[in-house]
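Undergrad: only the shape, not the letters, is given here:
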């Protein structure tokens, strides 16, 4: 299902992926803010915003997974 028009390549998969990874990004940002971890806050903001720039559904999930892993690596200090 492609909505198209002004929304470009917005599909149901993109919307779901954006919601999932934006929620994870918000949680990461709040954890970073609470613990004063700037790198975690940056990873959270990246997770919340990247889906505006990535249009293909596969890449939404690939980039989101990579940023989520990076956020947890930053949190653990690895």
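TA: Received it, and whenever you're ready, just let me know what you need. No experiment lies behind these values; they were computed from the predicted model shown. Residues are numbered from 1 along each chain as shown.

Undergrad: okay, CA-based contacts and neighbour counts for the rest of this
TA: Fine.

Undergrad: the strands in the chain, which residues?
TA: Under the criterion DSSP state E, strands are not mapped anywhere in the chain.

Undergrad: and the contacts of stretch 67-78?
TA: When contacts are taken as C-alpha atoms under 8 Å, 6 or more residues apart in numbering, the neighbours of stretch 67-78 outside the stretch itself are 21, 24, 25, 28, 32, 37, 39, 40, 43, 44, 46, 47.

Undergrad: at 6 Å instead, please
TA: If you take C-alpha atoms under 6 Å, 6 or more residues apart in numbering as the criterion, stretch 67-78 is touched by 40, 43.

Undergrad: over to stretch 17-26?
TA: With C-alpha under 6 Å, 6+ apart as the contact definition, stretch 17-26 has outside contacts at 44, 47, 48, 51, 64.

Undergrad: so what pLDDT did the third one get?
TA: Listed pLDDT for residue 48 reads 93.
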